[in-house]
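1. Here is the input, now give the coordinates:
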Amino acid sequence: MLRWLGKVLLWLCAALGGAVLGLGLLLLAFASHGYTPALPKTMILSLDLRYGIAEHESYNPLDYLLGRPAASTREVVMALFDAAIDPGVQALVIRADDATLGLAQAQELYDAVAYFRSFDKPVYAYGDSFGIEAGGTNGYLIASAADEIWLQPSGDWALLGFIWQLPYAAQLLETIGIKAEFATREEYKSAMQSFTHSSMPEHERTAILALGGNVMQQKLTAIAQSRNLDPALSNLWVEQSPMSAAEALGLGLVTNLGYAQELEAALMERYGKDTPWLDIADYAQHTASEPAAATVAVIYANGPIERGEPAEDYWPPEHSVYADQTAHAILDAADDPAIRAIVLRVDSPGGSYIASDTIWHAVSVAKKTGKPVYAVFGNVAASGGYFIAMGADKIFASPGSITGSIGVVAGKFSIAGLLQKLQITVDSVQIGTNADLWSPVNGFTPAGRAKLEEFADRSYQDFMTKAAEGRNMPLEAIHDLAKGQVWTGEQAWDLGLVDGLGGWMEAEDNLYQALALKDGERIAYSVYPKPAEDIQGILSGLGGYLTGAQASVLQKAWQRVTTSPISIQARMWATPQ
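-> Here you go, the predicted structure:
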């Protein structure tokens with residue numbers, strides 16, 4: 001009986017090991033990003049925006065299994081840049097409805113599509129509707145750069161305008177006995193106004209209207225230009241939205257009414273049914289492996305800015321910007337003799353002042369090596385997001401990048417009133433006048449409030465001083481642009497807070513000049529911090545279940561996987577999972 005039980009346990013262990021090994025092989029098959037596949041002689045590129053476009057490259061094989069983005073904004077933009085002059089690329093087809101993209105991302109892709117089209121490469125866009133769902137407007141913005149825009153006959157077209165809604169909970173907090181005590185620098189620093197006010201302050205309303213007006217004007221101008229329509233009529237598009245597909249066709253906002261299968265059939269007839277369709281992520285994977293004349297480091301700063309290191313070593317850093325990790329990446333790139341320039345890609349609403357200063361200092365140290373250090377803004381580079389970039393040699397922002405918010409807010413929530421309502425008493429023993437400075441049990445004492453105001457003054461002055469130094473502007477001029485005010489990238493460019501309008505394409509043009517590269521020479525981009533490339537690192541998500549023998553088997557399997565041919569799409573419109 002015991003012998004039989006032992007055999008069963010042995011069999012179960014072997015089965016478990018085989019399952020882990022099989023899963024590892026499957027993951028490796030999806031994560032084979034390090035090889036150079038052969039491209040077909042002719043192809044049509046496809047870009048499906050329903051999956052979204054990540055702000056960073058994906059090195060996690062689970063991303064491929066879970067249907068997450070396989071290409072970053074930079075990879076897509078650079079792929080279109082390469083495809084424009086690739087004689088093998090016949091056309092580009094975009095699925096643009098339900099696109100989960102920010103405005104700045106959409107503008108970068110819009111510019112890249114327009115560039116591709118400028119080389120007489122046809123672009124076709126399709127949507128079952130535009131603008132009804134969240135993000136649909138930005139999807140149409142990209143689609144508007146196409147030669148043909150197909151809309152499902154039952155679909156709608158909408159550009160619903162701009163709305164900014166904020167809840168204000170000051171009365172609720174007062175009712176339940178919680179008090180929000182914060183110091184702000186200055187009046188436009190509105191991060192905590194939802195808790196300190198009962199309605200929107202008038203100066204904040206004016207600022208938001210100006211911001212929203214500029215955002216809308218950017219969209220309307222781009223659409224009118226790409227569709228060759230009268231800009232004077234653009235406000236009618238907003239007022240008439242949502243409209244039927246037939247109405248959109250009549251106004252010239254789309255060119256064809258039809259279903260996805262009908263567009264696909266038309267393209268097969270036009271280019272031949274044997275012409276393969278290749279996902280742009282696969283194309284980007286190939287072009288990125290071609291020989292380059294210079295290597296540029298890319299450091300991503302995506303998410304709230306926090307002090308220290310992440311709790312676990314992970315990649316990609318997609319949820320927060322950890323100051324020590326990011327600073328080390330910048331300094332490692334600065335010390336690497338193979339790296340000729342550094343680009344900090346920022347998509348962050350800010351966070352810790354101290355953490356932001358840690359990254360700012362690393363940027364200033366990297367600049368002393370003589371390597372160009374550029375910052376490229378994504379959808380948001382506000383407060384700490386602007387802080388970490390303002391010392392760069394050059395800053396680039398898309399017209400719709402939320403930029404600035406030079407200001408400070410600090411404080412705490414006091415629950416003293418709530419405790420009283422609940423008839424809870426708190427007794428304490430205290431040594432030191434300000435030992436209770438950050439305690440939520442009580443509000444700020446006069447001495448504590450003085451310390452809070454002192455911190456806010458000191459941080460704000462440091463922020464403005466470093467901004468003035470980085471932008472080479474008088475402190476008084478920076479102060480006029482500070483006060484917590486938020487600008488679009490277009491406004492920030494007019495005000496001197498950034499050096500150029502545009503994202504990755506604009507940055508690369510400047511890198512070519514800074515690095516004295518010749519026409520036709522390529523730039524390779526290397527992401528820092530370096531992701532794990534070994535088998536154990538790639539499969540760390542399996543929890544360390546792999547033995548040394550299993551890892552060895554996977555290593556050999558990896559060598560086989562990386563020589564496999566590139567995958568070609570038989571059909572474009574796969575449904576996102």
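
2. so His319 sits right up against Gly303, yeah?
-> Yes - the criterion here is C-beta atoms under 8 Å, and His319 meets it with Gly303 at 5.3 Å. (Glycine included, C-beta is placed from N, CA and C.)

3. Which residue of these two possesses the greater neighbour count?
-> Gly303 (19 against 12; other C-beta atoms under 10 Å).

4. Identify the residues contacting Ala143.
-> Listed by C-beta atoms under 8 Å, 6 or more residues apart in numbering, the contact set of Ala143 reads Ile94, Ala96, Ala125, Tyr126, Gly127, Phe130, Ile149.

5. The first one: neighbour count?
-> Think Ile94. Ile94 has 26 neighbouring residues, counting by other C-beta under 10 Å.

6. and what of the fifth one?
-> When neighbours are defined as other C-beta under 10 Å, Gly127 has 29 of them.

7. That one and Gly139 touch, don't they?
-> Yes - the pair Gly127 and Gly139 qualifies as a contact (C-beta under 8 Å) at a distance of 6.6 Å.

8. Name the residues contacting each of those two.
-> By C-beta under 8 Å, 6+ apart, the residues touching both Gly127 and Gly139 are Ala96, Asp97, Asp98.

9. Most neighbours among those residues, which one?
-> Busiest of those [other C-beta under 10 Å] is Ala96, holding 30 neighbours.

10. what residues are up against it?
-> Counting by C-beta under 8 Å, 6+ apart, Ala96 makes contact with Leu49, Ala125, Tyr126, Gly127, Phe130, Gly139, Tyr140, Ile142, Ala143.

11. can we see that at 10 Å?
-> By C-beta atoms under 10 Å, 6 or more residues apart in numbering, the contact list for Ala96 reads 47-50, 106, 109, 113, 125-127, 130, 136, 138-146, 149-150.

12. Secondary structure element holding Ala38?
-> Ala38 is part of no helix or strand, with elements assigned from DSSP states H and E.

13. can you pull the pLDDT of it?
-> Looking at Ala38, its pLDDT reads 78.

14. Ok, Ala288 next?
-> Looking at Ala288, its pLDDT is 75.

15. ok, it to Val298 distance?
-> From Ala288 across to Val298, the span is 12 Å (C-beta to C-beta, to the nearest Å).

16. Just give the strands next to the strand or helix carrying Val346 in its sheet, each with its orientation.
-> Val346 belongs to strand 339-348 when assigned by DSSP H and E. The pairing partners recorded for strand 339-348 under DSSP bridges are strand 294-302 (parallel), strand 373-382 (parallel).

17. Among these, show me which one is buried the most.
-> strand 373-382 (a mean of 27; mean count of other C-beta atoms under 10 Å).

18. May I have it as CSV, with CA atoms only?
-> Listed next in CSV are the C-alpha coordinates belonging to strand 373-382 (Å, rounded to 0.1, in the frame of the first residue of the first chain):
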residue,chain,number,x,y,z
VAL,A,373,19.7,64.0,-21.5
TYR,A,374,16.2,64.5,-22.9
ALA,A,375,12.8,64.3,-21.4
VAL,A,376,9.7,63.3,-23.5
PHE,A,377,6.3,63.8,-21.9
GLY,A,378,3.5,61.4,-22.4
ASN,A,379,-0.1,62.1,-21.4
VAL,A,380,0.8,63.8,-18.0
ALA,A,381,4.0,65.4,-16.7
ALA,A,382,2.6,67.5,-13.8
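
19. Can you classify Val93 by secondary structure?
-> strand (DSSP: H, G, I helix; E, B strand; the rest coil).

20. partner residues bridging it?
-> Beta-bridge pairing of Val93 under DSSP bridges involves Ser46, Tyr124.

21. what's next to stretch 452-465, contact-wise?
-> Residues external to stretch 452-465 that are found in contact with it (C-beta under 10 Å, 6+ apart): 181-186, 189, 353-354, 356-357, 360, 383-384, 386-387, 390, 406-412, 434, 437-438, 444, 475-476, 478-479, 481-484.

22. filter those to the buried ones?
-> Burial by neighbour count, 16 or more other C-beta atoms under 10 Å: within those this picks out 181-185, 189, 353, 356-357, 360, 383-384, 386-387, 390, 406-412, 437, 444, 478-479, 481-484.

23. These in strands, which ones?
-> Among the buried ones among the contacts of stretch 452-465, DSSP state E puts Glu181, Phe182, Ala183, Thr184, Arg185, Val408, Val409, Ala410, Gly411, Lys412 in strands.

24. For the stretch 101-250 of the chain, which segments count as strands?
-> 123-127, 148-151, 156-157, 179-185, 243-244 (DSSP state E, counting those that start in this stretch).

25. looking at those, which is closest to Thr196?
-> strand 179-185 (4.9 Å; C-beta to C-beta).

26. counting contacts, what elements does that closest one pack onto?
-> Under the contact criterion of 3 or more C-beta pairs under 10 Å, 6 or more residues apart in numbering; DSSP states H and E, strand 179-185 touches helix 170-176, helix 193-196, strand 408-414, helix 416-421, helix 446-471.

27. Any chance of a markdown table for those, columns distance to Leu160 and mean pLDDT?
-> A markdown table is the format used below for these (distance: least, C-beta to C-beta, whole Å; pLDDT from 0 to 100):
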| stretch | distance to Leu160 | mean pLDDT |
| --- | --- | --- |
| helix 170-176 | 30 | 91 |
| helix 193-196 | 24 | 89 |
| strand 408-414 | 31 | 93 |
| helix 416-421 | 40 | 91 |
| helix 446-471 | 35 | 95 |
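
28. Any chance of the ones you listed in a markdown table with distance to Asp494 as columns?
-> Output for the helices and strands packed on strand 179-185, formatted as a markdown table (distance: least, C-beta to C-beta, whole Å):
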| stretch | distance to Asp494 |
| --- | --- |
| helix 170-176 | 35 |
| helix 193-196 | 26 |
| strand 408-414 | 25 |
| helix 416-421 | 46 |
| helix 446-471 | 13 |
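
29. Could you list the domains of the protein?
-> 2-160+241-285+542-561, 292-406+482-528 (automatic domain parsing).

30. Tell me which helix or strand in this protein has the weakest average pLDDT.
-> Sorting the helices and strands of the chain by mean pLDDT, DSSP states H and E puts helix 535-538 at the bottom, at a mean of 48.

31. how many neighbours does the residue lying closest to Ser198 once chain neighbours are set aside have?
-> Excluding its sequence neighbours, the residue lying closest to Ser198 (C-beta to C-beta, 6 or more residues apart in numbering) is Ala170, at 4.7 Å. Residues near Ala170, counting by other C-beta under 10 Å, number 17.

32. Does Ala170 touch Pro201 like I think?
-> No - here Ala170 lies out of contact with Pro201, judged by C-beta atoms under 10 Å, at a distance of 11.9 Å.

33. What is the burial count for the residue nearest to Pro153 when sequence neighbours are not counted?
-> Take Pro153 and drop its neighbours on the chain: the residue closest to it by C-beta to C-beta, 6+ apart is Leu257, 4.7 Å away. If you count neighbours by other C-beta under 10 Å, Leu257 ends up with 17.

34. next one: the one 5 residues further on
-> Here the neighbour count serves as a burial measure; for Glu262 (other C-beta under 10 Å) it reads 15.

35. wait, is it part of a strand?
-> No - looking at Glu262 with three-state DSSP, it is helix, so not inside a strand.

36. Just to check, it is in contact with Glu148?
-> No - Glu262 lies out of contact with Glu148 (C-beta under 10 Å); the separation is 11.9 Å.

37. picking up where we left off before, any shared contact partners between Ala288 and Val298?
-> Counting by C-beta under 10 Å, 6+ apart, the residues touching both Ala288 and Val298 are Glu57, Arg74, Tyr525.

38. Let's see which of those residues end up in strands.
-> Per DSSP E, strands hold the following members of the shared contacts of Ala288 and Val298: Tyr525.

39. Flag the least confident of the shared contacts of Ala288 and Val298.
-> In terms of pLDDT, Glu57 ranks lowest among the shared contacts of Ala288 and Val298, with 79.

40. and the residue lying closest to Gly131 once chain neighbours are set aside, what is it in contact with?
-> Closest residue to Gly131 apart from its sequence neighbours, by C-beta to C-beta, 6+ apart: Ala158 at 3.4 Å. Contact partners of Ala158, counting by C-beta under 10 Å, 6+ apart, are 129-133, 136-137, 140, 237-238, 240-243, 248.
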